[in-house]
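Asks: Got a predicted structure here, sequence first:
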Amino acid sequence: YRIQNQQVITFSVLINAGKTVTAKIIMQYLAVLSRRSAQCRQTTDSAPGGTATIEQQVLQSNPILESFGNARTIRNDNSSRFGKYIEIQFTTQGCLIGASVETYLLEKVRLNNQALGERNFHIFYEVLVGLSKIDRKRFYVDKMSPADFC
């Protein structure tokens, strides 16, 4: 096959300027464009066995990544503390066929030390809230709440 017209969109702007939201909107837009193609609709409108289509999988992965890389800071309750490189692959007909994401954690120090008024990465609080009583006891957090980790 032949690679045609590779394109890149780069976001590198000030803090709290909306990079994460902009990336979500662009990914949604690219998924919509892919679905508009008649050839793509035939293969992606209904995934076999009730599984999510490629477009849905790509869009649904973002909140999971954000849980591992976003944290509350003094300026923002949902601040990205990581960088990510998202590569979305299309067929020559414009059908979305896959994606890959590489993340770069920017604040490893946040794992064991947060500034006053800030919190650790969201994933720790989400896991704590979602654990069963048995698992909370098994991980020695049965008497703790998310406030204990602020």
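Replies: Good, I have the coordinates.
Asks: worst-scoring helix or strand of the chain, pLDDT-wise?
Replies: Every helix and strand in the chain was compared by mean pLDDT, DSSP states H and E; the lowest is helix 38-44, with a mean of 57.
Asks: So what's the model's average confidence on whichever helix or strand comes after that one?
Replies: Sequence order places helix 54-69 as the next helix or strand after helix 38-44, per DSSP states H and E. Mean per-residue pLDDT for helix 54-69: 78.
Asks: Packing partners of the helix or strand just after helix 54-69?
Replies: Moving toward the C-terminus from helix 54-69, the next helix or strand (DSSP H and E) is strand 70-71. Here strand 70-71 touches strand 79-80, going by 3 or more CB pairs under 8 Å, 6 or more residues apart in numbering; DSSP states H and E. (Each C-beta comes from the backbone N, C-alpha and C, glycine too.)
Asks: now the strand it packs on: mean pLDDT?
Replies: Averaging pLDDT along strand 79-80 gives 80.
Asks: What pairs with it, parallel or antiparallel?
Replies: Sheet pairing of strand 79-80 (DSSP bridges) gives strand 70-71 (antiparallel).
Asks: what sits up against the partner strand?
Replies: With CB atoms under 8 Å, 6 or more residues apart in numbering as the test, strand 70-71 has contacts from 20, 78-82, 107, 110, 114, 118-122.
Asks: just for the protein, where's the confidence low?
Replies: Scanning the chain for pLDDT under 70 picks out 1-4, 13-16, 38-39, 41-52, 55, 149-150.
Asks: Now do the strands in it.
Replies: Using DSSP state E, the strands of the chain run over 70-71, 79-80, 82-90, 96-105.
Asks: Tell me the one among the contacts of strand 70-71 nearest to N5.
Replies: Of all the contacts of strand 70-71, N5 sits closest to T20, with 26.5 Å by CB to CB.
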